[in-house]
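> Okay, predicted coordinates and the sequence, questions at the end:
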Amino acid sequence: MVGTVIVKEETPTSQEFFFVHEGSVGKGGYVEYGEDGKVIARVSEVYKANEYFEDAESISESDPRESFPVDDWEVSIARAQIMGCFREGMIERVNEAPAPGTELDMADPGRVEKFLGLAENGLKLGEVQQQDVDANFDLTDTLQKHFAILAQSGAGKSYTASVLLEELLDRENAPAILAVDPHGDYTCFAEDKNYMKDVKVFRDDDVSIAVNNLSADKVDAYFDLTPAQRRELSKAFSELEKGENSDYGLRELRSVVEEREMNSSTRYVLLDTLREMASMQVFGKTDSPSPNDMEPGKLNIIDLSETINHRKKQVVTAYFGRRFFRLRRSESIPPFLMLVEEAHNFAPEKQPSPSKTVIEKLAREGRKFHASIGLISQRPVKLSTTALSQCNTKFILRVTNPNDLEHISQSSEGITSDVKNQIPGLKTGESIVIGEAVNYPTFIDVRERRSEESGAGEGLEDTLEEWKQEQESMDEDAEAFM
């Protein structure tokens with residue numbers, strides 16, 4: 001026995017109760033009671049009470065412990081939220097309150113695992129808090145209807161994403177993975193001896209968009225053309241496609257635009273758009289990454305950490321997201337996961353962007369074709385509600401900004417006020433999992449990662465020390481030269 005139900009604050013009810021706490025189960029743990037089926041409840045808070053200190057007038061100025069056994073009056077009380085009743089393998093709703101005096105036991109780990117809907121051979125991201133149960137999440141439930149990892153800076157969102165990537169890379173059957181990585185957080189996988197064979201990194205100079213896979217409509221989506229400009233550019237593409245050389249690039253497209261008869265102002269804007277495209281240094285004659293890179297169980301990382309042009313980042317994300325989704329719909333590539341770090345910069349809530357359109361389309365329609373999307377963000381309030389609301393599983397780490405908390409709550413089913421109130425107090429590495437992957441909100445401790453961590457997030461002191469050493473080395477080289 002771990003406690004006894006008591007009468008307190010108009011409880012017990014069919015939703016919650018208080019109990020005298022024996023100390024063997026802490027906040028976040030699970031208790032159970034009942035003979036005809038087991039009612040499972042989660043401990044949401046633990047309190048200390050002492051009748052002696054409830055009456056201010058009875059407390060003397062001197063230490064009461066010298067003349068009165070105050071400590072004997074101290075009692076630990078816990079508050080528990082009723083989640084449901086486990087009866088004959090089925091989870092039922094609880095309609096009755098436990099009677100005062102009901103004795104509670106620590107919930108059986110096997111029952112908790114089934115109750116929460118965890119999968120025996122799922123993605124092991126950690127352990128259920130206060131319970132000897134692995135936090136294993138079914139791959140299909142987690143990925144097929146999309147997921148999001150939400151946390152403020154430093155709370156462990158990229159770390160959690162890395163643990164998830166490890167689980168996928170270690171599985172025999174896993175989707176192809178395309179990671180949009182603005183800060184180089186995941187490039188460490190290509191340097192880890194256990195994973196490097198399954199990882200390709202496409203840095204700024206490696207990424208390429210094939211011009212012959214574009215169209216006037218796609219260019220319009222990236223650079224906002226007028227109908228007249230779009231019409232003339234479409235004719236230019238058609239002229240190139242009729243020619244013998246289908247392997248054309250921006251130079252050939254520019255030549256056709258210069259030679260075609262059209263309104264001079266239209267020609268000027270189109271040439272200016274082509275100059276802007278050329279300045280991005282990403283439009284070429286081949287796709288990189290290519291469809292051949294999208295293999296099951298392989299991780300392709302588009303490393304944008306050295307890319308300054310924000311529109312270029314959005315164009316790259318939009319192009320490859322749209323292209324691979326179209327190829328997946330025709331079953332030309334295997335099922336895939338598109339992981340987008342700093343997703344609020346690619347699918348902003350209040351501003352249009354080329355990548356936002358593609359991300360929202362993937363979020364709405366991707367599950368039909370096994371094209372999954374994972375959004376990672378430290379500013380949920382700035383992330384498209386359309387995209388976020390389609391992520392049916394959410395891993396929520398510490399978030400303290402009230403606007404972000406409200407946005408998460410409005411875009412998520414299953415977040416009660418009790419769960420919402422606990423989010424700001426989560427420690428680094430603690431996560432609440434809600435949605436399709438679990439039957440009920442589940443608090444977990446994210447496991448330690450097996451791969452080497454990226455140096456992208458090293459501390460300020462380490463960076464300052466490296467800078468100092470580099471400057472000293474340069475000064476020494478200069479003196480030696482002189």
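That came through, no problem. Numbering: from 1, shown residues only.

> Test my guess that residue 418 contacts residue 81.
Yes. The criterion here is Cβ atoms under 8 Å, and residue 418 meets it with residue 81 at 6.0 Å. Heads up, the C-betas are built off the backbone N, CA and C, glycines and all.

> Residues in contact with both of those two, list them for me.
residue 44 (Cβ atoms under 8 Å, 6 or more residues apart in numbering).

> Toward the C-terminus, what is the element adjacent to the host helix or strand of residue 221?
Element membership for residue 221, per DSSP states H and E: helix 216-223. Following helix 216-223 in sequence order, the next helix or strand is helix 227-242 (DSSP H and E).

> contacting residues around that next one?
Contacts of helix 227-242 (Cβ under 8 Å, 6+ apart): 212, 214-217, 219-220, 225, 246, 248, 252-253, 256-257, 260, 262-263, 266-267, 269-270, 273.

> between residue 418 and residue 81, who's got more neighbours?
Neighbours were tallied for residue 418 and for residue 81 using other Cβ atoms under 10 Å; the higher tally belongs to residue 81 (18 against 15).

> Return the list of helices and strands in contact with the helix or strand where the more buried one lies.
Using DSSP H and E, residue 81 sits within strand 74-87. In terms of contacts (3 or more Cβ pairs under 8 Å, 6 or more residues apart in numbering; DSSP states H and E), strand 74-87 is packed against strand 16-21, strand 38-50, strand 90-92, helix 109-116.

> Now do the contacts for the spatially most central residue of the chain.
When the chain is reduced to its mean C-alpha position, the nearest residue by Cα atoms, centre = their mean turns out to be residue 149, at 2.1 Å. Taking Cβ under 8 Å, 6+ apart, we find residue 149 in contact with 157, 160-161, 164, 374-377, 394-395, 397.

> what do you get for residue 269?
225-226, 229.

> can I get those residues in TSV with distance to residue 382, neighbour count and pLDDT?
Shown next, in TSV, are the contacts of residue 269 (distance: Cβ to Cβ, whole Å; neighbours: other Cβ atoms under 10 Å; pLDDT from 0 to 100):
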residue	distance to residue 382	neighbour count	pLDDT
225	27	21	93
226	30	12	93
229	31	22	94
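
> possible to save these as TSV with distance to residue 196?
Listed next are the contacts of residue 269 as TSV, based on distance: Cβ to Cβ, whole Å:
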residue	distance to residue 196
225	42
226	48
229	45
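
> Quickly name whichever of the residues you listed is closest to residue 204.
residue 225 (26.1 Å; Cβ to Cβ).

> returning to that earlier point: can you pull the buried residues of the strand holding residue 81?
Residues 77-86 are the ones in strand 74-87 that count as buried (16 or more other Cβ atoms under 10 Å).

> mind listing what residue 21 touches?
Residue 21 makes contact with 2-3, 46, 75-78, according to Cβ under 8 Å, 6+ apart.

> Now for residue 49: which residues touch it?
74-77.

> 10 Å - rerun?
Residues in contact with residue 49 (Cβ atoms under 10 Å, 6 or more residues apart in numbering) are 8, 18, 20-21, 73-77.

> Which residue, other than its chain neighbours, is closest to residue 158?
Of all residues not flanking residue 158 in the chain, residue 185 sits nearest, at 4.6 Å (Cβ to Cβ, 6 or more residues apart in numbering).

> now the helices for the stretch 351-482 of the chain?
354-365, 385-389, 402-410, 417-422, 460-481 (DSSP state H, counting those that start in this stretch).

> go on, the stretch 151-300 of the chain?
Taking DSSP H, counting those that start in this stretch as the criterion, the stretch 151-300 of the chain carries its helices at 157-169, 216-223, 227-242, 250-259, 264-279.

> Who are the packing partners of the second one?
What that stands for is helix 216-223. helix 227-242, helix 264-279, helix 310-329, helix 354-365 (3 or more Cβ pairs under 10 Å, 6 or more residues apart in numbering; DSSP states H and E).

> picking up where we left off before, can you list the strands that the strand holding residue 81 pairs with?
strand 16-21 (antiparallel), strand 38-50 (antiparallel), strand 90-92 (antiparallel) (DSSP bridges).

> The following helix or strand past the first one pairs with which strands?
On the C-terminal side of strand 16-21, the nearest following helix or strand under DSSP H and E is strand 30-33. When pairing is defined by DSSP bridges, strand 30-33 lines up against strand 38-50 (antiparallel), strand 103-106 (antiparallel).

> Dump strand 30-33 to CSV, keeping only the CA atoms.
Provided in CSV are the C-alpha atoms of strand 30-33 (Å, rounded to 0.1, in the frame of the first residue of the first chain):
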residue,chain,number,x,y,z
TYR,A,30,0.9,6.1,-11.0
VAL,A,31,-1.3,4.5,-8.3
GLU,A,32,-4.2,2.1,-8.7
TYR,A,33,-7.2,0.8,-6.7
